[in-house]
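In: sequence and computational prediction follow.
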Amino acid sequence: MKTPGPVLAEQVKRIEDSELFSFRSGRLPIWCPGCGYFGIHAGINAALKQLGIPHHKVVVVSGIGCAGRYPFFSNTYGLHTTHGRSLPVATGVKFANPELTVLAVGGDGDGLGIGGGHLPHASRKDINISYVLFDNSIYGLTKGQPSPSSPAGFKTKVSPSGTVERPLNATLMALSYGASFVARLFAGEPRLIGEILAKGIRHPGFSFLHVYTSCVTFDKQYKTWDHLKEWVHPIPEGHNPSDFRAAMDLVLDDDFATGLIYQRGK
Amino acid sequence: MPKLDITVEVCGMAGDGTIAAGGLINEGMSRGGLSVLAFDSYPAEIRGFGRCVTRSRIGHERRTALEEHTHVLISLNDEQSLSRVPFLTEHSAVFFDNQPPTLVPEESSLAAHVEPATALFGMPFTDLAAQAAGSDRGRNLVALGGFAAVFQVPSELFEPAIVKKFKSKGQKVVESNVRCFQAGVAYALERFSERLWDPVSFPPPKEGPEIVMLSGNTAIAEGALDAGLHLYFGYPITPATPIMEYLAKRLPERGGRLMQMEDEIASIGGVLGGFFAGKRSMTATSGPGFALMTELITHGVMSETPAVIINAQRGGPATGLPTKTEQSDLHAAVFGGPGDSARIVIAPTDVPECYHLTIKSFQLAEKYQIPVIVLTDFFLDNRVESVPLPVAEDDARKDMTVYPDPDAKERYRRFKITESGISPRALPGMEGYIFAATGLEHTEKGLPDYTPENHSKMTEKRYRKLRSALEDLPSPVEHTPRGRVDLGVIGWGSNFGSVHEAVNRACERGLKVGALKLTAIYPYHEDAIRDFMSRCDEILIAELNFEGQLANLVGHLHRKEVLRLNRVTGLPMPPSVIYKKILEILGETDS
């Protein structure tokens, strides 16, 4: 599907006008109009603004995929790595210069598929970076194949009869890998993303932000905006993020509660 | 006085103290001012039932190759040592346990298998150790004492080496081992008084730099430290692991940081991230790990991010031969990975070069913003050489980064096309130069661009860096007098030591043969190599791989087909093999 330029330009202008962020390049993001990534983008920049971090002190390290293109649009230093490798590269950047704020970003294919071997280790090593996983449960840049977080029965061009695999639950994975800061968020709530990411950046260890988002172009069955808006809800009031067992219970019982789920040492 | 050049072997089962005894021989003889080159072979399994052999070539002249033959065999286990008998020279000396702890069947007895001219020194290693120290664990030290007595090596050379070796295990262990050694000396002096060999002649002590026993791996680690290494990321793999183990202690002492990663992909990822943010970073691996790294190495090429990667070659494809030596990753190092990816590959040929070329690799990586691969091999990594303590040049830590012009902020182009190919490089944290680096083809500003003109221009730019880097890369070195020769032999990596020795031998015989050492593998000095070739009638390229990988790379520079000598035994190529090939090519008979 070809992106209608004027519609996209309008999206870009809206974000520029919001003063949350000014684009570095005059180029338009490759993201489709209505893509959830615009919301995440707004959230990330809200966090940086809230913390008052100068943009040249931030490095965004990404993998491959629609989310991987993030560094080209963000007014920060950026390193667009290879498929799945944002976490180890981000680790090197942070170790080399701990004064930098280092964000790793990538999609569900990048982070749970090809790069799935790195999340456990960034988590257990408690590397002081923030990892924002853009989870729309589909491979968008290659035009619509099932991802590791697609639900069983997901129909695509390469799974015409529906997939048979069970989906990965990234929030649950991060918790069980020992991540010290785990949040689940929704691209439709940029304000909450900004608020939680600001906490995550201040958190002196690995912060994992699992963001549900929608691929408006290739997913008409699962994580559509309509579905997500219906399913997503705030985590119950009174949830204690420092209680690991409560966090596990919450995640085991509820796939769509958004907010700060767990933070160790608080 | 004839020049001394002997090879001493200690052979036993894993657990016999074979490696310890071999190490003490090296240390002691080196203390006496002799040159030592030693290489151990041991089983891949931790506590297998494998054979351990240490081989030490000891002499007045520095050697960088091992021959197959052995002059002195110290056997800690007859059954294991039997396989070494065919390699004994005619007039060799063999030390063995004539009352071993377990019965040796007659057909496995070493004494029954050696040639008549062999000097046999049977000693009750086990009993002597038990008498001297209350346990038979010091058998290896008794054997060492026998060797010292028969060759009349002064105890002042060995005893300090023994103390140094066992110091960390406490005074009691030190004393037990010294007593075992002394018991071996006393026994041999008494029993073999009529049969002592001519004493080993030690050179007069001389002033100069301290002589140390250094392995290739340690030299690499020390070189990296002296180059200001800040971050090391690695994953355990034979034979590169000793580099990580050495740095694990030393790097934090110097303010750096080391992390064992989840795999080799993560290791090279950490290195690229570290260098991207401006700190010297490195990883070391072997073939299988290197294969996993290749995608990110080409990312370093594309995003012009420096990296230093040591590839300690083992043998074979896939897991191959983890504890054997080979030079079969040259193609992978030079060409491995997607696309036309210009990187630098250098290969040290001996332990001092391991040190100096590791330092060089950081300078090249930083200056040319490019991954630099240092190709070593199992033999080079694990052998020890007695060498003058290497000292870094003054510029080892000098920041080679080409920074952007402070006035150019608005116009800053991270990947600016220049004559040298080098673009000014800003580091994250520097205000006013924000850019993104990517593995996608990109414009001078770093934005994705797949247009035909752009890809052509940027590819040329990246390859221009190689041309520029040639002037900083070590030139080929001729190790023979200049002038026309009938045959030129080219070697690289550890195998050059064998090439050098074989060519020297041929020259001593009066043959017109030259040797050329290549340490810059890619890019290579085309003009210098062609110049050498133009003065040789025939060219022979000797290397430890099946395909003739260097020959494939540079053979086209010769006006006719180059000759090849390839061996894949997993063992270093003995100089005599190359010497024979030289004679064969020149139509000479071996006499």
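Out: It's in. Numbers count the residues shown, from 1 in each chain, chains lettered A, B, ... in the order given.
In: remind me what the host helix or strand of B:Arg464 packs against, helices and strands.
Out: Following DSSP states H and E, one finds B:Arg464 within helix B:452-469. Judged by 3 or more C-beta pairs under 8 Å, 6 or more residues apart in numbering or on different chains; DSSP states H and E, helix B:452-469 is in contact with helix B:351-368. All C-beta atoms are positioned from the backbone trio N, CA, C, and that covers glycine.
In: chain B contacts on the stretch 51-200 of chain A?
Out: Within the stretch 51-200 of chain A, the positions near chain B by C-beta under 8 Å from any C-beta of the partner chain are A:54-57, A:59-61, A:71-72, A:74-82, A:85, A:87-97, A:99-100, A:117-118, A:120-121, A:125.
In: can you map out the helices along the stretch 351-500 of chain B?
Out: B:351-368, B:378-382, B:452-469, B:495-508 (DSSP state H, counting those that start in this stretch).
In: next, the contact list for the residue of the stretch 101-250 of chain A found nearest chain B, please.
Out: Among residues of the stretch 101-250 of chain A, the one nearest chain B by C-beta to the nearest C-beta turns out to be A:His121. It sits 4.2 Å away. Each residue near A:His121 by C-beta atoms under 8 Å, 6 or more residues apart in numbering or on different chains is listed here: A:87, B:261-262, B:266.
In: could you export the residues you listed to TSV, including columns for distance to B:Asp486?
Out: TSV is the format used below for these (distance: C-beta to C-beta, whole Å):
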residue	distance to B:Asp486
A:Leu87	58
B:Met261	51
B:Glu262	54
B:Ala266	52
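In: let's see if you can find the most crowded of those residues.
Out: Using other C-beta atoms under 10 Å in any protein chain shown as the neighbour criterion, A:Leu87 leads those with 32 neighbours.
In: run a quick neighbour tally on the residue lying closest to B:Arg484 once chain neighbours are set aside.
Out: Ranked by C-beta to C-beta, 6 or more residues apart in numbering or on different chains and with sequence neighbours excluded, the top spatial neighbour of B:Arg484 is B:Arg535, at 5.2 Å. Look at B:Arg535: counted by other C-beta under 10 Å, it has 13 neighbours.
In: any idea how far B:Arg535 is from chain A?
Out: The gap separating B:Arg535 from chain A is 46 Å, by C-beta to the nearest C-beta, to the nearest Å.
In: and the residue in the stretch 251-400 of chain B positioned nearest to chain A, how many neighbours?
Out: When distances are taken as C-beta to the nearest C-beta, the stretch 251-400 of chain B reaches nearest to chain A at B:Gly273, 2.4 Å away. When neighbours are counted by other C-beta under 10 Å, B:Gly273 registers 33.
In: in contact with the closest residue to chain B within chain A, which residues?
Out: Distances between chain A and chain B by C-beta to the nearest C-beta are smallest at A:Gly92, namely 2.4 Å. Applying C-beta under 8 Å, 6+ apart to A:Gly92 gives the contacts B:231, B:233, B:269-277, B:281.
In: got those as TSV, with pLDDT, distance to B:Leu563 and secondary structure columns?
Out: Putting the contacts of A:Gly92 into TSV (pLDDT from 0 to 100; distance: C-beta to C-beta, whole Å; DSSP: H, G, I helix; E, B strand; the rest coil) gives the following:
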residue	pLDDT	distance to B:Leu563	secondary structure
B:Leu231	98	44	strand
B:Phe233	98	42	strand
B:Gly269	98	42	helix
B:Gly270	98	43	helix
B:Val271	98	39	helix
B:Leu272	98	40	helix
B:Gly273	98	45	helix
B:Gly274	98	44	helix
B:Phe275	98	41	helix
B:Phe276	98	45	helix
B:Ala277	98	48	coil
B:Ser281	98	41	strand
